[in-house]
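Colleague: All I have is the shape, not the residue letters:
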């Protein structure tokens, strides 16, 4: 998100008599793993009286790393934040949190006061009855998984896992940069653990950039994915984005992954893709 | 739901220029465990062109019992049905299903066609990509729990569990009917496994029905619940409903419960409540 563009869009909307009220910034986009400039966005939201939400589903975990948490600077100014510990922190699906700055807001929005559930004449402290804050009623205690993991690993444990994942991403990035049979979707270092790239068989390497080459890359990527699955060696995501043809997206969230796994993946892709 | 009242309410709404479109019938209400007359409701919905939904979250499980499934007669005419196997079938929280008659409707409502998730150039049968039918994206495979249970117990296993729970409810019902220190909220036999009742200490037994007696029952019920918890012997729900003061609601869904547990519960309540 480009702050100047955000501000001019708000102004343009207001000039038309519209009432913008909500900005959704992202910490760790799904495909590229990019972080928005939260401080600048927060200043605009404050100035214009807009609710600032940060979708930190994927990127929120970086707050546990002293090395990487700077990428989330400004998130503390948000009105609300979503965060999925089942993504970067490795909690089993599902484990998702929404944090809202204004105390009592979720209760005020969702409270239904069902008499058959939330009796007001219980003999214990009823502030523990938090069910009326949520949309769902009967539900799994998902946060227990995170609590257990946190007790077992500590913040330091999460930090070293997260740092390790981002080191793997950086390792893959430099590997790709050094090889002629691969091409990065972006030249800059990844902000999160997402690394996006194409594999280029030799006949494509000689083609000049343009629609013909893009069409080839588009098909080659999905064919390699199929071959990886058929051979049973790896599962890696791919997708097109905007005008970019299908590219691989390697995302590290499993702390067990090692540098030799990264080497293995690239060798397999190159081996299966060479003849395409 | 009283079908004649439903029909006259629809007519009254239409006469005012309103457009009723949806009827929510219930199979197994939360407190009383009551079943609506689905066939009559379905006929009215068909005649008036209304969507008929059946909330069978609690009562749906009875379909697995040859003895009790008659209570759901007419549910097959519904446009949609919700059903929570985590309730009567004992699947661990959460396991909930929504069944919709019209094929393709959920997909048409919820489909977002995210290119980065539902690639259309995959090399396998994409009809297995059912994610675009749901509101949630990343989610736990809750149905797997039910599938495993069904494989292990079979329909016969579920049937005998469900019959057993309803037998316990009937046993409790006759016990309560035969005792002077308890009073049933309804005189008729329970339709599901919910049994609703008051405990009457001797001083209340001598009071004539009315607001004073109701006030006493209201307080006594919540006090007994507190005593049961403090003593650590049983947890049983209670609530008021409409003009009825707090009453106990004993709901059987655990197939391990036996008749002697029912006897134990009543004796404990009577013991802790006698002096109140």
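Modeller: Sure, I can see it. Given the structure is predicted, the values throughout are model-derived calculations rather than measurements.
Colleague: where does residue A:130 fall, phi/psi-wise?
Modeller: Residue A:130 adopts backbone torsions of phi -90, psi 0, taken as degrees, to the nearest 10.
Colleague: and the gap between it and chain B?
Modeller: Residue A:130 sits 16 Å away from chain B, going by C-beta to the nearest C-beta, to the nearest Å. (C-beta placed from N, C-alpha, C; glycine too.)
Colleague: and that residue, how far is that from residue A:110?
Modeller: 11 Å (C-beta to C-beta, to the nearest Å).
Colleague: quick one: which of those two has more around it?
Modeller: residue A:110 (13 against 10; other C-beta atoms under 10 Å in any protein chain shown).
Colleague: Quick check, the more buried one in contact with residue A:137.
Modeller: No: counting by C-beta atoms under 8 Å, residue A:110 stays clear of residue A:137, with 10.1 Å between them.
Colleague: which ones are touching the residue of the stretch 51-200 of chain A at minimum distance from chain B?
Modeller: Proximity of the stretch 51-200 of chain A to chain B (C-beta to the nearest C-beta) peaks at residue A:123, 3.5 Å away. Contacts for residue A:123 (C-beta atoms under 8 Å, 6 or more residues apart in numbering or on different chains) come out as B:222, B:223, B:225, B:226, B:229, B:230.
Colleague: Looking at those, which are in helices?
Modeller: Residues of the contacts of residue A:123 located in helices (DSSP state H): B:222, B:223, B:225, B:226, B:229, B:230.
Colleague: and these, which two are the farthest apart?
Modeller: Based on C-beta to C-beta, the longest span within those runs between B:222 and B:230 and measures 12.7 Å.
Colleague: Could you report the pLDDT at residue A:114?
Modeller: Looking at residue A:114, its pLDDT is 80.
Colleague: Is it in a helix, a strand, or coil?
Modeller: coil (DSSP: H, G, I helix; E, B strand; the rest coil).
Colleague: List the buried residues of the longest strand belonging to chain A.
Modeller: Across chain A, the longest stretch assigned as strand under DSSP state E is strand A:244-251. For strand A:244-251, burial by neighbour count (16 or more other C-beta atoms under 10 Å in any protein chain shown) applies to A:245, A:246, A:247, A:248, A:249, A:250, A:251.
Colleague: For my notes, please list these in CSV and give pLDDT and distance to chain B for each entry.
Modeller: Below are the buried residues of strand A:244-251 laid out as CSV (pLDDT from 0 to 100; distance: C-beta to the nearest C-beta, whole Å):
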residue, pLDDT, distance to chain B
A:245, 97, 11
A:246, 96, 7
A:247, 97, 11
A:248, 98, 12
A:249, 97, 8
A:250, 97, 14
A:251, 97, 11
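Colleague: Closest one to residue A:271 out of those residues, please.
Modeller: In terms of C-beta to C-beta, no member of the buried residues of strand A:244-251 lies closer to residue A:271 than residue A:248, at 14.7 Å.
Colleague: which ones are touching the closest residue to chain B within the stretch 151-276 of chain A?
Modeller: The stretch 151-276 of chain A approaches chain B most closely through residue A:226 (3.5 Å), counting by C-beta to the nearest C-beta. Contacts here follow C-beta under 8 Å, 6+ apart; on that basis residue A:226 touches B:122, B:123.
Colleague: who's in contact with the helix or strand harbouring residue A:268?
Modeller: For residue A:268, the element it lies in under DSSP states H and E is helix A:259-273. Residues outside helix A:259-273 that contact it (C-beta under 8 Å, 6+ apart) are A:168, A:171-172, A:175-176, A:179, A:181-182, A:199, A:201, A:220, A:223-224, A:227-228, A:231, A:233-234, A:236, A:248, A:250.
Colleague: Just the buried residues out of these, in ChimeraX syntax.
Modeller: Buried residues among these (16+ other C-beta under 10 Å), as a ChimeraX selection:
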select /A:168,171,172,175,176,181,182,199,201,220,223,224,227,228,234,236,248,250
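Colleague: For chain A, which segments are assigned as strands?
Modeller: Using DSSP E, strands in chain A cover A:22-26, A:51-55, A:80-83, A:97-100, A:182-184, A:194-199, A:237-241, A:244-251.
Colleague: Which strands or helices does the third one pack on?
Modeller: The criterion is 3 or more C-beta pairs under 8 Å, 6 or more residues apart in numbering or on different chains; DSSP states H and E, and the helices and strands that strand A:80-83 contacts are strand A:51-55, strand A:97-100.
Colleague: Chain B contacts on chain A?
Modeller: A:30-31, A:84, A:86-87, A:92-94, A:115-117, A:119, A:121-124, A:138-140, A:218-219, A:222-223, A:225-226, A:229-230, A:237-241, A:246, A:249 (C-beta under 8 Å from any C-beta of the partner chain).
Colleague: returning to that earlier point: looking at residue B:222 and residue B:230, which has the bigger crowd around it?
Modeller: For the pair residue B:222 and residue B:230, the greater number of neighbours falls to residue B:222 (20 against 11), based on other C-beta under 10 Å.
Colleague: So which residues of chain A form helices?
Modeller: Going by DSSP H, chain A shows helices at A:3-15, A:38-48, A:105-110, A:143-178, A:202-205, A:211-231, A:259-273.
Colleague: Go ahead and flag the most central residue of chain A.
Modeller: Among the residues of chain A, the one closest to the centroid is residue A:58, at 2.9 Å (C-alpha atoms, centre = their mean).
Colleague: and chain A, what are its domains?
Modeller: A:3-149, A:154-274 (automatic domain parsing).
Colleague: and the ones you listed, which one is worst for confidence?
Modeller: Looking at the domains of chain A, the bottom one is domain A:3-149 with a mean of 93.
Colleague: Now do the contacts for residue A:69.
Modeller: A:62, A:63.
Colleague: if we go to 10 Å?
Modeller: Shown in contact with residue A:69 (C-beta atoms under 10 Å, 6 or more residues apart in numbering or on different chains): A:61, A:62, A:63, A:75, A:159, A:162.
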